[in-house]
Structures are given as structure tokens and as C-alpha cells.
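K.L.:
got a predicted model here, sequence first, then my questions.
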Amino acid sequence: MEPNSASYVPGSCPTRPEPEETGLEFLQFRDEIQRLMTVPPENASSFRALLELPATQAMQLLHSSPHSAAGGGDEHKRHSSSSFTNGNLTFPSNKALIERAAKFSVFAAAAEISPETSSVPSNSSANSDKVKTEPAETDSNPGSSNKTQTQKLAKRKERQKKGKESAKKSKNESREDAEKLPYVHVRARRGQATDSHSLAERARREKINARMKLLQELVPGCSKISGTALVLDEIINHVQSLQRQVELLSMRLAAVNPRIDFNFDSVFATEGGPLIDGNIPSMVSPLMWPENPFTENRQNFQQQWNFDAVHQPLWGREEENHTFITPENSLFSYDSSANSASLHSNQLKMEL
Amino acid sequence: MNSKRFSPTSSTIKSRFTRRFLRALLKINRQRTRTPSSPMEICQRYLKVKLAADVSMASTVGSRRAWSRAMLTKIRHGVRAGSTTSLTMRKRKIYHGKKSTKEVGIVGNAKMLRKLVPGGEAMDTCSLLDETFHYIKCLSTQVKVMTRIADQICST
């Protein structure tokens, strides 16, 4: 078996998916490996057993399981299973590799099927230092197959081109990540730093950039600006201007109304239609929403309204008018809750 | 036809805010004395209106957002502190805010943003941007509603 595995080592490389086909291949791989993984815990148990078995028996088991799992004659299946077996065949060349691969396979299978991986990572973590001593080719195959398995479980979905140099490091790092956090699996970009810190930072930065894009769309005039600092400047200006506008409006509202005579009607209606003139209402029906009728009364009053506080004495005189009560009636009847409307109007009628 | 519009089934932030704010405005105006308003009175009423706007906005949003929760707790504590001092404190805050726009860089801007958005001090940058987004949306609805109310009142 060993010589076979040795001969497979150079042959395993071509079976590895080329970086250009990453997307499609990985999709296929993913589907296939998902199918593989749905094979029940015999995988897990067999891989767990692998850890104690010597290399040859382990390899036999590994041979048998994917063959049984692969099943049909689908091209992709064959391809995936062959790559899987290729990966498996390279395992016996290094025991640490077996155990690591086993851990990942167990990880992949067990994470979905049975929670038995706790012992596994601890076992393989001891061997993680052996990772770096291995040849690149043997790394690549099991790495790719394991990676595609774990990627499915991964909550991070970044997939980028993988350079050969960064591939090894990213695999090492992703394995270390897997030991700590099973769901963080990020494929490193070509030529980019791949330690876990920079990966996490890159993820964080991308989250922030996504949110900045949303903010840019929200704030008018921000989409043309490039550069985070300037966009943030614009956002800050916008927030400040909005807050100042609120202050100005509240000042205006405080100054203008001696007494607010709203037209809740029109406030909502301007979302739809304009004010409608109508005849004078009856005060008798508090529960009804007097749609048109009050507007004329109100308009009479509104004509006397001014923004200045100077003109408010005019209002003071008007208040003695009995019609002063009417708008308040209408006002209270415009209250959004019918209960309070009836209450208030009843009270007013009592006062009258 | 219009009565349908008043049905409480409409539940956008805009409509809920409008309702609460108008109710609050009614309350404030009921408190108003019949004497001609002195500037001091107007000033106090302005503060009340502003507070009402903030409170109604924050309570419309509810506890779903960190900024609304922070705003509500600040208001509750602020009421105890007394409203007379709040104006001067607010002025100080405004001036201080203007000065710190000179801070450079993304970090400086983030700090500035934290001061603006209620509750922004205790957030990491990522969620700060989230809250800012929602805050800007709510502020703009607030401004729209208040402009409409003011126009309605002041229009002939």
C-alpha cells in the first residue's frame, strides 16, 4: 500500500481543482461531499478508530469508506471520490497527516452527525507542529478535500483564489482556526497575509465597508465620495444637520402654537390628498371624525395666526370667544384614540 | 374615508411617531398659560417640545435599537437632573462638538459620530455604523413629520 501511496503523490496534484475553476468545482465538491457526509456515523467512528490504528489498516478503512459512500457512477461523484481516495491514499505516508485529516473528517461529519470531535481536536493539536514539515503535495490534496468539507460547515463564506504559497499557510492557519472555532474558515487571497489575526481583521473591515456602503446610499451626495474618512465626515454633517433641523422645528412649533389646532386629518391626508373645505360641524358627535366640517372654522382661526409671538395677543382675545372651544373639541376629537376623544369632548361639554 | 386613516392598524414608524408626537404636543399646549408668551416661556416650551420629539421618537422605535434605549435612559436621568441646566449643558455639548470636527482620520470621525448618536460611546465601530444608519432614517422621518405639522399649523 505504501508504494502505491507514494506513487500517488505526484499524481494527486493534477486531480486537485485548478484555481481557475474554483467556483464551479467547489460547488460540485460541496454537493458531493455533502452527500458523502450524510453517510452516517460510520465515517466518524471509522476515523476515530483511525487514530489508534496503524497506518495500513487506517488506509484500508479510508479506502473502503469513500468507496461505499460514493456509490453511483456520476462523473462528479467519481471525481470527488477519486480525489478523496487520492487524498486518503496520501494519508498513510504520514501518520500525523492521517490524524489531522481524520480530525477534519470527523469534524466535518461529526459536527453534523455526532458530537464526538472534542477528543479529536485535542489529539491532533498535538501534531499540528508536524504540519509544517510535510511536503506541499501531500498537503494539497487532503487539505483541499478537507477544506471543502469544512467550508460547508463554515459560517464564513469567503472564497478567493488560492496561490500555492499562501495555500499551505492558509491551510495551516485554517486548521488552527478550526481547532479553536470550528466555523471560521476563510480561504486566503493570493499573496495576502493569512494569519488568524489578519483574517479576523479583514472580516471586520469588510463588515464595516458593507455598512459604510449602506450609509453612503442613505446620505445624499455621499455616493460620489470615495474614501472612508470623507464619507464619515459627510455622515457626521448630515446627522448634525438633521439634529439641528429638529431643534429648529421644535422651536418653531413651540413659538407658533398658542394652541395647536390640528388637523390630524390633514397631517395624514397630506400623505394622500389636500385639505378639503367643508361646512361647520356639529359638536355633538365626539366620536365621529369630523373630516371636512372643522376645516372652515379652523381656517378662520388660521387666518389670524401668525408665526410671531407679537401677534399672539390677538389669539389671547380670540380665546375668550366661545368658538375657542370648538377647535379644542375638534382637537380632542381628533385624538387618535376614540376613547380619549369621547372623554375630552365630554369634559369640555361639561365645562360648557 | 379619512376615518380609515386614523385606524390604529397602520404601524409604520412614521405614523406611530406622528401620533405620539401630536399627543405630546397637545399636552404641552394644554399646559400653556393664556398670557402672551415671554421669550423665557417660549424657550421652555421649545425645550419641552424638543424633549417630546425625542421621547416620542425613541419610544416609537422602542427597545429594539441601542440608540433608542440609550436615549430613553438618558432622558429619564436627565429629567431628574433638572431641565434648567440642560440648556447650558447642551450648549456646551454643541460647542464641544464643533471643535472636535477638526479631529482627523477615521478614528476621529468615529469618535465624533459616537458623540452624536445617542448611546454611541459604548459600541464598537461596526454596530455604531448600524445604529447610525437607523438613527439617520428615524431622524429624517422625524424632520419630515415635524415640518409637515409645522406647515399645517402655519399654513392658511
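P.N.:
Received, thanks. Numbers count the residues shown, from 1 in each chain, chains lettered A, B, ... in the order given.
K.L.:
buried residues, stretch A:229-241. List them.
P.N.:
Buried residues in stretch A:229-241, defined by neighbour count with 16 or more other CB atoms under 10 Å in any protein chain shown: A:Val231, A:Leu232, A:Asp233, A:Glu234, A:Ile235, A:Ile236, A:His238, A:Val239, A:Gln240. C-betas here are computed from N, CA, C, even on glycine.
K.L.:
chain center to stretch B:61-73: distance?
P.N.:
12 Å (CA atoms, centre = their mean, to the nearest Å).
K.L.:
helix or strand with the lowest mean pLDDT in chain B?
P.N.:
Scoring the helices and strands of chain B by mean pLDDT, DSSP states H and E places helix B:2-5 at the bottom, with a mean of 46.
K.L.:
right, and the helix or strand after that helix?
P.N.:
helix B:13-31 (DSSP states H and E).
K.L.:
format the CA atom coordinates belonging to that following helix as CSV.
P.N.:
Provided in CSV are the C-alpha atoms of helix B:13-31 (Å, rounded to 0.1, in the frame of the first residue of the first chain):
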residue,chain,number,x,y,z
ILE,B,13,-42.6,54.3,12.3
LYS,B,14,-43.8,57.5,10.7
SER,B,15,-47.4,57.1,11.7
ARG,B,16,-46.6,55.9,15.2
PHE,B,17,-44.3,58.7,15.7
THR,B,18,-46.8,61.2,14.4
ARG,B,19,-49.4,60.0,16.8
ARG,B,20,-47.2,60.1,19.8
PHE,B,21,-45.7,63.4,19.0
LEU,B,22,-49.1,65.0,18.3
ARG,B,23,-50.4,63.7,21.6
ALA,B,24,-47.4,65.2,23.4
LEU,B,25,-47.8,68.5,21.6
LEU,B,26,-51.4,68.6,22.7
LYS,B,27,-50.3,68.0,26.3
ILE,B,28,-47.8,70.8,26.1
ASN,B,29,-50.2,73.2,24.7
ARG,B,30,-52.7,72.4,27.3
GLN,B,31,-50.2,73.3,29.9
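K.L.:
what's the pLDDT at B:Lys99?
P.N.:
Among the per-residue scores, B:Lys99 shows a pLDDT of 50.
K.L.:
likewise for A:Arg156?
P.N.:
Reported pLDDT at A:Arg156 in the predicted model: 51.
K.L.:
please apply the same query to the one 5 residues further on.
P.N.:
What the model reports as pLDDT for A:Lys161 is 46.
K.L.:
what helices or strands is the lengthiest helix in chain B leaning on?
P.N.:
In chain B, with assignment by DSSP state H, the single longest helix is helix B:125-154. Applying 3 or more CB pairs under 8 Å, 6 or more residues apart in numbering or on different chains; DSSP states H and E, one finds that helix B:125-154 contacts helix A:196-218, helix A:228-256, helix A:264-269, helix B:13-31, helix B:39-61, helix B:66-81, helix B:105-116.
K.L.:
deepest of those, which one?
P.N.:
Mean neighbour count, computed with mean count of other CB atoms under 10 Å in any protein chain shown, is highest for helix A:264-269 among the helices and strands packed on helix B:125-154, reaching a mean of 21.
K.L.:
report the mean confidence score over it.
P.N.:
The average pLDDT for helix A:264-269 rounds to 54.
K.L.:
report the residue spans of chain B with pLDDT below the cut-off.
P.N.:
Counting by pLDDT under 70, chain B contains low-confidence residues at B:1-10, B:32-37, B:79-103, B:156.
K.L.:
before we move on, what about the stretch 201-350 of chain A?
P.N.:
Residues of the stretch 201-350 of chain A that meet the criterion pLDDT under 70 lie in A:257-350.
K.L.:
on that earlier part again, which ones among the buried residues of stretch A:229-241 also lie next to chain B?
P.N.:
Filtering these for neighbours of chain B using CB under 8 Å from any CB of the partner chain leaves A:Leu232, A:Asp233, A:Ile235, A:Ile236, A:His238, A:Val239, A:Gln240.
K.L.:
ok, these vs B:Val117, which is closest?
P.N.:
Using CB to CB, A:Val239 comes nearest to B:Val117 of these, at 7.1 Å.
K.L.:
ok, now which ones touch the residue lying closest to the closest one once chain neighbours are set aside?
P.N.:
Distances taken as CB to CB, 6 or more residues apart in numbering or on different chains put B:Leu116 closest to A:Val239, at 4.9 Å, once the chain neighbours are dropped. Counting by CB atoms under 8 Å, 6 or more residues apart in numbering or on different chains, B:Leu116 makes contact with A:Ile236, A:Val239, A:Gln240, A:Gln243, B:Gly97.
K.L.:
next, format those as TSV and append distance to B:Ala24.
P.N.:
Below are the contacts of B:Leu116 laid out as TSV (distance: CB to CB, whole Å):
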residue	distance to B:Ala24
A:Ile236	29
A:Val239	23
A:Gln240	24
A:Gln243	18
B:Gly97	26
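K.L.:
in chain B, which residue is closest to the centre?
P.N.:
Geometric centre of chain B, nearest residue: B:Asp54, 2.6 Å, by CA atoms, centre = their mean.
K.L.:
pretty sure that one is touching B:Ser68, no?
P.N.:
No: at 9.8 Å, B:Asp54 does not count as touching B:Ser68 under the criterion of CB atoms under 8 Å.
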